[in-house]
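>>> next come a sequence and a model predicted from it.
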Amino acid sequence: MPRLERRPRPPGPPRRAVSADDPPFLSEFPPIPLDRWQAEVEGSLDSSTVEGPTIRALYTADDGEPGPRPPPREPGWCLAQEYAIGSLDELRAAVAQDVGRGLEAAWIRLHDDLRAGTRAPSSSPGAVLDASALPGLVEVVGPSTALCLDAGLAAPRLVEALLAARAGAGSTDAVLCDPLAVLVGAGALGRSLDDAYAELAASTRLASEAGVRTVFVDAVAAHDAGASAEQEVAVVIATGLEHLRRLEAHGLAPQQVVPQLVLRMAVAGDLLVDVAKLRAVRRLWSRVRAHAGASEGPPTELWTRSSWRQSTVRDPWVNLLRGTVAAFAAVVGGASALAVQPFTEVRGRPDADARRWAINTQHILRGESQLGRVDDPAAGSWAFEGLTDALAQGAWALVRGWLARGGIAALIERGELQSELAASAAARSQALATGRLVSTGTSAYPLLDERSVEVAPSLAVDPGVEAQAVVTVPPLRRRRPTEPFEALRERSDEVLRATGKRPHALLVPVGDPRRARPQLDFARGVAEVGGFVVTVLSAEATLSERIRLAILCGPPEALEQEGPLGAGRLIRAGVSRVLVAGRPTDALREAGVHDFIHRGRDLVAVLSALYDEIVPSGSNKEDSR
């Protein structure tokens with residue numbers, strides 16, 4: 001092999017020797033005080049969120065120690081999975097399969113009718129089982145995997161059966177009941193709240209000797225209904241306070257209740273907010289325990305699960321990434337147990353592969369990323385400490401306000417909490433529709449020809465509960481903010497099935513196409529989010545066929561000068577709807593432009609109106625162009 005010779009470097013300009021008399025480089029710039037940096041950054045980059053506090057773009061050391069940190073805990077977490085499978089045989093098979101993959105806790109959610117003790121107005125899928133099924137489930141999970149039942153009002157009889165099946169040794173098991181979460185989630189209870197708490201107190205006494213947890217503080221229903229992060233923290237604290245007060249009325253002191261109590265929350269894909277949310281809950285709950293005289297013992301366990309609300313039906317593969325971010329946030333935030341749900345959960349019954357990927361996500365984070373080996377890794381971060389303090393203070397203000405109005409139980413019975421959460425859900429949906437929030441693959445960067453994922457539908461099993469409701473309230477409505485966008489894509493699929501092709505949008509650059517690139521990219525994104533296939537045409541080209549939708553794209557000065565002429569030419573050519581990617585002007589309106597798309601506009605409303613106007617029915621065989 002021939003030897004490669006190094007080519008000589010051409011001589012450069014002679015270097016000037018640095019003199020001691022040369023002024024420092026930084027002295028050429030005037031000093032900028034911190035308050036000026038702060039004002040500049042806050043004016044241009046700070047973002048208000050639907051979660052409560054404003055996320056500041058610049059945090060300083062003054063934000064690093066705003067309040068007491070969450071109590072220390074043992075590093076690491078319990079690897080869990082939540083199951084809501086109606087068929088008992090399928091439930092056993094799924095749990096057995098996942099135990100072999102390293103599952104450490106099987107969370108089984110009972111059917112809403114069983115949890116409520118009556119036919120619930122709002123019913124979600126869940127397991128249908130009774131006391132006779134527990135020996136078989138105990139055999140499936142074995143001695144090293146915890147069996148945790150979200151049982152609601154069915155808890156008292158299941159506690160006895162579980163203790164018998166475990167032969168009294170079930171220190172990691174749980175048969176949990178949160179009467180308030182069941183009431184507001186299902187919309188009814190088969191017993192009065194006072195009777196429900198009396199039964200919970202009795203089952204807690206029975207289970208305490210074996211260490212089986214029974215008292216549940218569950219904010220997942222509030223999260224799925226659209227609660228902000230601030231409201232979720234407040235729901236946890238207010239519910240915990242209500243549990244302590246009502247159980248004390250039935251003879252259980254806080255010192256007896258706290259060791260049997262578990263907190264549970266959902267984590268979505270907002271890393272900063274979710275970490276701060278969990279840290280705020282741990283901080284506030286430790287203060288509640290201290291004031292109740294129950295500060296002795298280890299910290300209360302905080303269970304988390306990945307967000308159902310944040311998952312999407314379209315492009316479900318992105319849900320794998322959402323679950324990974326949620327898992328990271330949960331562990332950094334201090335979760336003691338975590339369930340990363342399968343990426344197809346919102347589409348139906350997850351199959352074995354979807355469950356395997358969910359479990360392996362945690363194995364990778366634990367075994368390869370070494371996540372969880374440090375307690376409270378966010379401690380000392382100015383951003384995390386500042387957000388934790390802001391969420392804790394905002395949530396505590398909510399709790400105080402709710403207490404002044406009678407407490408969270410009274411708010412639920414009057415429907416006031418439901419209204420507050422619905423308002424937050426509407427604000428989140430509006431933020432998504434106007435582009436302040438983004439859901440990758442659904443509200444941005446859609447994949448129109450995505451690979452379909454076949455998922456079996458959830459089984460509709462009737463548990464046969466016939467008891468009449470004693471208490472009824474307006475139920476929380478589970479809602480995902482991406483549902484309006486998914487409805488638009490479904491309309492596009494209907495057109496495809498009926499006509500053989502999707503609706504079409506023509507993008508027409510105005511002025512220099514190179515300068516119109518930002519507007520072309522924005523308009524393409526908007527049209528594709530609605531399920532429209534996009535092509536780009538120059539303004540001078542002749543339209544050879546009927547076009548239903550055209551969007552003029554260009555910088556503001558080009559739209560002002562040439563936009564009205566281009567709009568008129570398109571309208572005379574028979575285009576049904578002409579839109580402009582930009583802000584409205586009188587000249588463009590007078591030229592016949594039908595609508596305008598720009599940042600801050602409700603794009604769901606615009607796209608829905610387009611379907612109503614130019615694609616009135618998916619069954620219409622006429623060309624959808």
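Yep, it's here. Residues are numbered from 1 along each chain as shown.
>>> output the below-cut-off pLDDT ranges for the stretch 351-500 of the chain.
Applying pLDDT under 70 to the stretch 351-500 of the chain flags no residue at all.
>>> if you set the cut-off to 90 instead, what comes out?
370-383, 449-466 (pLDDT under 90).
>>> hey, where'd the helices end up in it?
352-363, 382-404, 408-414, 416-433, 483-499 (DSSP state H, counting those that start in this stretch).
>>> export those to TSV and tack on distance to Ala609?
All C-beta spots, glycine's among them, are computed from the backbone N, C-alpha and C. Formatted as TSV, the helices of the stretch 351-500 of the chain follow (distance: least, CB to CB, whole Å):
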stretch	distance to Ala609
helix 352-363	36
helix 382-404	37
helix 408-414	37
helix 416-433	13
helix 483-499	11
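>>> how close does Ser429 sit to Leu437?
Relative to Leu437, Ser429 is positioned 9 Å away (CB to CB, to the nearest Å).
>>> any common contacting residues for those two?
Shared contacts of Ser429 and Leu437 (CB atoms under 8 Å, 6 or more residues apart in numbering): Pro481.
>>> pick out whichever of those two has more residues nearby.
For Ser429 versus Leu437, the count of surrounding residues by other CB atoms under 10 Å is larger for Ser429: 22 against 18.
>>> that one contacts Pro484, correct?
Yes. Using CB atoms under 8 Å, Ser429 makes contact with Pro484 at a distance of 6.8 Å.
>>> for Arg515, find the nearest of the helices of the stretch 351-500 of the chain.
Arg515 lies closest, by CB to CB, to one member of those: helix 416-433, at 28.3 Å.
>>> ok, and for the closest one, which residues are buried?
By neighbour count on 16 or more other CB atoms under 10 Å, the buried set for helix 416-433 is 416-418, 420-422, 424-425, 427-429, 431-433.
>>> same for that helix, what does it pack against?
With contacts defined as 3 or more CB pairs under 8 Å, 6 or more residues apart in numbering; DSSP states H and E, helix 416-433 has these neighbours: helix 229-249, helix 408-414, helix 483-499, helix 603-614.
>>> switch those helices over to TSV; also include distance to Leu398 and mean neighbour count.
Output for those, formatted as TSV (distance: least, CB to CB, whole Å; neighbours: other CB atoms under 10 Å):
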stretch	distance to Leu398	mean neighbour count
helix 229-249	4	24
helix 408-414	10	19
helix 483-499	27	18
helix 603-614	29	18
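>>> tabulate those in TSV, adding columns for distance to Val533.
As requested, the helices and strands packed on helix 416-433 are exported to TSV (distance: least, CB to CB, whole Å):
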stretch	distance to Val533
helix 229-249	38
helix 408-414	47
helix 483-499	9
helix 603-614	14
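>>> of the ones you listed, which is nearest Leu183?
helix 408-414 (6.2 Å).
>>> alpha carbons of that closest one, as CSV, please.
The C-alpha coordinates for helix 408-414 follow below in CSV (Å, rounded to 0.1, in the frame of the first residue of the first chain):
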residue,chain,number,x,y,z
ILE,A,408,-63.6,18.7,47.8
ALA,A,409,-66.4,16.3,48.5
ALA,A,410,-68.9,19.2,48.6
LEU,A,411,-67.5,20.6,45.4
ILE,A,412,-68.0,17.2,43.7
GLU,A,413,-71.5,16.9,44.9
ARG,A,414,-72.4,20.3,43.6
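>>> so how far is it off the chain centroid?
25 Å (CA atoms, centre = their mean, to the nearest Å).
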